[in-house]
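Participant: 3D, please:
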Amino acid sequence: MIPYGRQSISDADIAAVEEVLRSDWITQGPSIDRFEQALAAYVGAQHGVAVANATAALHIACLALGVGEGSRVWTSPNTFLASANCALYCGASVDFVDIDPATYNMSTAALAAKLEQAKAAGTLPDVVIPVHFAGQSCDMEAIGALARDYGFRVIEDASHAVGADYRGGKVGNCRHSDLTVFSFHPVKILTTGEGGMLMTNSADLHRSLQRLRSHGMVRDPAMQQEQGAWIYEQQELGFNYRITDIQAALGLSQLTRLDAFIARRRELAARYDRLLAGLPLAIPYQADYGVSSWHLYPIWIDEEKAGRSRRGVFDALRASGIGVNVHYIPVPNQPYYQRLGFVPGQFPQAERYYNGAISLPMYYSLTDAEQDQVVAAVRQALGQ
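Facilitator: I've put the predicted structure just below:
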């Protein structure tokens, strides 16, 4: 089976982890600081805060921005559950902004229209979480301008997009947002096993995030009421969302190959574009304001032209040993969210995309021969 995603672990990665395992620090040690500083420097942000996973990052990002009971958070329906769940964890309400039918990212036109309606109704969001689907950035300059006009804060969910480019900079530099979240799950571009990181240019948010990931504690004497080498003070309600030195060492090692990971993914994406041309499907559209890091390569099956259903194509590919997947079932269509009041048809572009979507294998170690096998299976499944 050729999987849709796979990590790439080198001997250097293993050696980096082994070095930490043989050191005095395996949990909260110096590798974490080095990893945070190195990735922040790579993307051009002032601060990084490493955490246990991207869901934890989204949760404390919301908390750091003051999301709580009575707050309103908007995100994309075309995303994993965590992009919306993070607001519910804080007691906030959640709503969605439909996607652009070309990029599959949050539509800036739909966002602007929804904001105007919310302004008239007195229900503007406190926070908007655009999601950089498949590795392509949302149009953050436009979203940032809307944030200034309507007074909301912005968390970029860049779980798919470490290494992506946007308007001459790296995704994660927070030029148009308060915070950016990355994921390091094994199917992502860079892995720490499990893990995530937040980026920000705000010193205040940086300090808040550091407290929130570690039980709300501080050990800085300048911030403590009582002095002593043993003193730790809980100053707010936080969580045990810490990453380990073991994971950070792996992330640091992986970071040295991030540019190579991205280059190969872009090469594979360009090759898919060529090999799939002329088939009754849509290849991923790329906006001219950036370059995707290609966490996913999602095709869209045109059932009318193909004379085949998405389910039929998906099942045929799986039967051929191609481990395709589907990203994503629209979050508002999930049973839990239906019980919150969302109904089918509210976000038609996200539903249309979902009904034809298939994610093809995309990872650094995918060979040209394996990719040829994937494309041959797609042609066969489409009867071409």
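Participant: what helix or strand is the residue sitting nearest the centre point of the chain on?
Facilitator: The structure's the chain has its C-alpha centroid closest to S159; by C-alpha atoms, centre = their mean the separation is 1.7 Å. For S159, there is no helix or strand it lies in under DSSP states H and E.
Participant: ok, the closest residue to it other than its chain neighbours to D33 distance?
Facilitator: Closest residue in space to S159, ignoring its immediate chain neighbours: S183 at 3.6 Å, by C-beta to C-beta, 6 or more residues apart in numbering. Glycine gets a C-beta too; all of them are placed from N, C-alpha and C. Noted for S183: a distance of 20 Å to D33, by C-beta to C-beta, to the nearest Å.
Participant: And M197, by the same measure?
Facilitator: If you measure M197 against D33 using C-beta to C-beta, the figure is 12 Å.
Participant: So between the two, which is more surrounded?
Facilitator: The residue with more neighbours, out of M197 and D33, is M197; 29 against 14, by other C-beta atoms under 10 Å.
Participant: OK, contacts around Y4?
Facilitator: 187, 296, 323-325, 359-362 (C-beta atoms under 8 Å, 6 or more residues apart in numbering).
Participant: Buried subset of these, written for PyMOL?
Facilitator: Of those, the buried ones go into a single PyMOL selection, burial set by 16 or more other C-beta atoms under 10 Å:
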select buried, resi 187+296+323+324+325+359+360+361+362
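Participant: Looking at the contacts of Y4, which are in strands?
Facilitator: 323, 359-360 (DSSP state E).
Participant: Switch those residues over to CSV; also include distance to F96.
Facilitator: What follows is the ones in strands among the contacts of Y4, written out as CSV (distance: C-beta to C-beta, whole Å):
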residue, distance to F96
G323, 29
S359, 21
L360, 26
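Participant: CSV please, covering these and showing distance to Q234 and pLDDT.
Facilitator: Below are the ones in strands among the contacts of Y4 laid out as CSV (distance: C-beta to C-beta, whole Å; pLDDT from 0 to 100):
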residue, distance to Q234, pLDDT
G323, 45, 98
S359, 43, 98
L360, 48, 98
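Participant: Just the closest of those to G70, please.
Facilitator: S359 (37.1 Å; C-beta to C-beta).
Participant: ok, Q234 - contacts?
Facilitator: With contact set as C-beta under 8 Å, 6+ apart, Q234 has these partners: 215-217.
Participant: What of R271?
Facilitator: Residues in contact with R271 (C-beta under 8 Å, 6+ apart) are 368, 371.
Participant: start at 90 instead
Facilitator: Yes, from this point I'll number from 90; that puts the last item at R360.
Participant: What is the neighbour count of R264?
Facilitator: Residues lying near R264 (other C-beta under 10 Å) number 17.
Participant: average pLDDT for the helix or strand A337 falls within?
Facilitator: Using DSSP H and E, the element containing A337 is helix 334-344. Across helix 334-344, pLDDT averages out at 98.
Participant: other SSEs contacting that helix?
Facilitator: On a contact count with 3 or more C-beta pairs under 8 Å, 6 or more residues apart in numbering; DSSP states H and E, helix 334-344 meets helix 100-110, helix 119-132, strand 136-140.
Participant: what's the second one in contact with?
Facilitator: In other words, helix 119-132. 109, 114, 135-139, 251, 259-262, 269, 271, 286, 288, 332-335, 337-338, 340-341, 344, 347.
Participant: Buried members of those residues into ChimeraX, please.
Facilitator: Selection command for ChimeraX covering only the buried members of these, criterion 16+ other C-beta under 10 Å:
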select :109,114,136,137,138,139,251,259,260,261,262,269,271,286,288,332,333,334,335,337,338,340,341,344,347
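Participant: Identify the residue nearest W114 in space, chain neighbours excluded?
Facilitator: Once flanking residues are discounted, W114 sits nearest to D334: 4.9 Å by C-beta to C-beta, 6+ apart.
Participant: Now do the contacts for that neighbour.
Facilitator: 109, 112, 114-121.
Participant: If you rank those by neighbours, which is first?
Facilitator: S120 (27 neighbours).
Participant: partners of the helix or strand of the chain with the lowest mean pLDDT, with directions?
Facilitator: Least confident helix or strand, the chain: strand 306-307 with a mean of 79, by mean pLDDT, DSSP states H and E. With DSSP bridges as the criterion, the sheet partners recorded for strand 306-307 are strand 322-323 (antiparallel).
Participant: on that earlier part again, contacts only, for the residue nearest to the centre of the chain.
Facilitator: 143, 169, 220-221, 270-272, 274, 277, 285.
Participant: Could I get the residues you listed in CSV, plus columns for distance to V186 and pLDDT?
Facilitator: Formatted as CSV, these follow (distance: C-beta to C-beta, whole Å; pLDDT from 0 to 100):
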residue, distance to V186, pLDDT
A143, 20, 98
F169, 16, 98
V220, 10, 98
H221, 14, 98
V270, 18, 98
F271, 22, 98
S272, 21, 98
H274, 25, 97
K277, 24, 97
G285, 23, 98
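Participant: of those, closest to S196?
Facilitator: V220 (12.0 Å).
Participant: Where do the strands of the stretch 190-339 of the chain begin and end?
Facilitator: According to DSSP state E, counting those that start in this stretch, the stretch 190-339 of the chain carries its strands in the segments 216-218, 242-246, 254-255, 258-259, 268-272, 285-289, 306-307, 322-323.
Participant: Among these, show me which one is buried the most.
Facilitator: Mean neighbours per residue, mean count of other C-beta atoms under 10 Å, is largest over the strands of the stretch 190-339 of the chain for strand 268-272, with a mean of 30.
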